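Q: coordinates for the following, if possible.
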Amino acid sequence: MTVRVGILGATGAVGQRFIQLLDGHPTFEIGALTASKASAGKTYKEAAKWRVSTPIPEDVAEIVVGRTDPADVPDDIDLLFSSLPSGVAAEVEPQFLEEGFVISSNSSNDRMAEDVPLTIPEINGDHLGLIEVQRDNRGWDGALIKNPNCSTITMVPTLAALDEFGLDRVHVTTLQAVSGAGYSGVTSMEIIDNAIPHIGGEEPKMETESRKLLGSFDGAELSMHGAEVNASCNRIPTLDGHLESVFVDLADDVTPEDARNAMENYPGIDLPSAPEQLIHVFGEDQPDRPQPRLDRDRENGMQISAGGITETPQGLKYNCLAHNTVRGAAGASVLNGELLVEEGWI
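A: Below you'll find the model as predicted:
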């Protein structure tokens, strides 16, 4: 089965990562690329200032970029991936949805909408049932699914693994790579020899998205998880890979060995882009791992790493890591697209 896909916002940093990840994909075939009016009408290689480490795929380089408008996207496109800035996406995505397109979106708008699935396939694939609620509420034939913020997706798989022990409270401090801000998001003069202890809007995203992802769907509505989540988000001068220090308060008494076993054995999912093992856990003999440079590319950048698991009076503390533009952005949307196909929504 071949599914023809388009990318909204294809020339940006995440759009380029989409193109890299979709090159040679067993199911998805790129059939449309959109960008701003300034790029429309140019071939992709002319429009995009390519910054990914691998070359532009030859079959993509000559595609003519269209406007980000439903009229510029062919009718035979089965699925759209969106990497638009959230302000643009909030205006444009509904136009595509009203025309019947299905969108797997990395953009942050509508992530917390009650009828929009916010999904990590290994964690809460059943939340796709919200699509029916969404269609009833909004009167469109399309479907919108979101992946979470790059910092949220780093932590939540580990929390999902520990939830069996009674997850009560989470405190997390992030050390986030500069690529999370986009190519021009943080200047070199700001970040070199420095750390920035604030990322606008990041902390509320982690605190709310985590509870939605871990919540339960009863077929009609979604209930948020009851855990309290507090986040402190910081930018550091690494290129890729978000490292996070997590403290969890648990209802049960849990040893580090219990936690390692729960994370290592947390089930994955059989989708083309999914890692064979969702969480790689470093043992107590490697307390200095994971590290961004050494561990962000595990399983093609789609695996979560965890380590440094130790006991606290209330529960546990540990570190976790994910590649923020792969697992935390384009790769997450691609995986959600694969889930949509697998579950028959496309």
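
Q: spatially nearest residue to Glu114 (excluding sequence neighbours)?
A: Spatial nearest neighbour of Glu114, excluding adjacent residues (CB to CB, 6 or more residues apart in numbering): Leu222 at 6.6 Å. C-betas here are computed from N, CA, C, even on glycine.

Q: what is the burial count for Leu21?
A: Residues near Leu21, counting by other CB atoms under 10 Å, number 24.

Q: hang on, Val60 is in a helix, isn't it?
A: Yes - judged by DSSP: H, G, I helix; E, B strand; the rest coil, Val60 forms part of a helix.

Q: could you double-check that it lies in contact with Tyr44?
A: Yes - in this structure, Val60 is within contact of Tyr44 by CB atoms under 8 Å, at 5.6 Å.

Q: check contacts around the residue nearest to Glu114.
A: Counting by CB atoms under 8 Å, 6 or more residues apart in numbering, Leu222 touches Glu114, His127, Leu130, Lys212, Gly215, Ser216.

Q: just the buried subset of the residues you listed, please.
A: When the contacts of Leu222 are checked for burial by 16 or more other CB atoms under 10 Å, the buried set is His127, Leu130, Lys212, Gly215.

Q: per-residue confidence for the last one?
A: In this case it means Gly215. Looking at Gly215, its pLDDT reads 98.

Q: what do you get for the second one?
A: Reported pLDDT at Leu130 in the predicted model: 98.

Q: got it, and the first one?
A: Residue-level confidence at His127 comes out at 98, pLDDT.

Q: helix, strand or coil for it?
A: Going by three-state DSSP: His127 is helix.

Q: that one and Gln20: what is the separation?
A: 27 Å (CB to CB, to the nearest Å).

Q: the last one now?
A: For Gly215, the distance to Gln20 (CB to CB) stands at 32 Å.

Q: now do the second one
A: The gap separating Leu130 from Gln20 is 30 Å, by CB to CB.

Q: low-confidence ranges, the stretch 151-300 of the chain, go.
A: By pLDDT under 70, the stretch 151-300 of the chain has no low-scoring segment.
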